[in-house]
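Asks: 3D, please:
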Amino acid sequence: MKSNIQIPLVLDGAMGTELLKLGLKLPLPLWSAIANEEHYKKVVEIHKNYIEGGCDVITTNTFRTSYRSYEKAKVKDALTRSNNSFKKAIKAALKAKGKKDILIAGSIAPLEDCYEPDLFPGEKVAEIEFMEILENFNNEPVDILLIETMGNLLEIKSILKLTNQINKKVWLSVVLKNNSHILDGTHINKVLAMASRYSVDTLLINCSTISNTAGAIKKIKDWGEKWGIYPNLGRAMPTKDGHIKDLVSNADFLKLMLFAKNKGASVIGGCCGSTPETIRKMTKHIKAK
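Replies: Coordinates of the predicted model:
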């Protein structure tokens, strides 16, 4: 674990945004998972760029490495390919980290499209599939389980109830519909209650606009445990394949990060649209204050 932690911890930024900038094709449903197998060195390089930008935590490129995603893509030998992509994503993060004093967060996404909470396959199916994912991470040297971009309360419950069987710190991050509700319409207060019930170490908001994120900070800052944010840089939500047309200014993004820090955030970073340069500029100001 990181020995000289300075709060807030700086989380890295988007992987998909950087891969798209390189001109790589990331068709759904596999999206960035494709890069683990076909562009492994690029994944390592992007991780390194974020580390050089000053982040304290890098996130594994495992957002879409599940068997469900590979099966949905009608990939031959889906289970083997899924496992291989997962292993390469872990290897890439470890290689980028080297001997540096940083943390690795294992990314766990919703089972279906993160922007369509109604596609949640149900608690029974979810528990089986999430248990497989959690067991895979439990056998790897990651420091944190980052359950992210969650927008369905039942899906959140399905995975959180399993985490007591895993010997990892749990971060839960939700995506917002507005400044008071997650995507399925559940009020953020219900999410806070569930996070408390299942001993979530840190509650975060990600993949949401800075305006919605700013409004939600007022609701999560007093929940009694650690919290953080890593919003999108788009003025509106990105397309399903991760493209963003209209970005907020670096000044507006930094303003939100400083606001979060001043309100007591334990973790800050960027999601869709963010880059190593975004993180570098943010870190320069955040750690100088």
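Asks: longest helix in this structure, please.
Replies: helix 78-97 (DSSP state H).
Asks: what mean pLDDT does that one have?
Replies: Per-region confidence: helix 78-97 scores 98 on mean pLDDT.
Asks: what lies in contact with it?
Replies: By C-beta atoms under 8 Å, 6 or more residues apart in numbering, the surrounding residues in contact with helix 78-97 are 33, 36-37, 40, 43-45, 47-48, 51, 58-62, 65-67, 69-71, 75, 104, 106, 136, 140-142. To be clear about C-beta, it is placed using only N, CA and C from the backbone, and glycine gets the same treatment.
Asks: 6 Å - rerun?
Replies: With C-beta atoms under 6 Å, 6 or more residues apart in numbering as the test, helix 78-97 has contacts from 33, 36-37, 40, 43-44, 47-48, 58, 60-62, 65, 67, 70-71, 75, 104, 140.
Asks: just the buried residues of those residues.
Replies: 33, 36, 40, 43-44, 47-48, 58, 60-62, 65, 67, 70, 75, 104, 140 (16 or more other C-beta atoms under 10 Å).
Asks: residue ranges for the helices of this protein, please.
Replies: 16-21, 33-38, 40-52, 67-72, 78-97, 123-138, 153-160, 188-197, 210-220, 250-262, 276-286.
Asks: and the contacts of the second one?
Replies: Where contact means C-beta under 6 Å, 6+ apart, the residues beyond helix 33-38 that reach it are L19, V43, N61, R64, T65, S85, K88, A89.
Asks: which of these lies closest to G122?
Replies: R64 (20.3 Å; C-beta to C-beta).
Asks: and the gap between the spatially closest residue to the closest one that is not a sequence neighbour and N61?
Replies: Counting by C-beta to C-beta, 6 or more residues apart in numbering, A33 is the residue found nearest to R64 once chain neighbours are left out, at 4.1 Å. Here the criterion is C-beta to C-beta, to the nearest Å. By it, A33 lies 7 Å from N61.
Asks: can you pull the residues that touch both of those two?
Replies: Counting by C-beta under 6 Å, 6+ apart, nothing touches both A33 and N61.
Asks: so, low pLDDT: which residues of the stretch 151-289 of the chain?
Replies: 240-242, 289 (pLDDT under 70).
Asks: try it again with 90
Replies: 199, 222, 235-246, 250, 286-289 (pLDDT under 90).
Asks: what is the rounded mean pLDDT of stretch 43-56?
Replies: 98.
Asks: off-centre distance for that stretch?
Replies: On the basis of C-alpha atoms, centre = their mean, to the nearest Å, stretch 43-56 sits 15 Å off its chain's mean C-alpha point.
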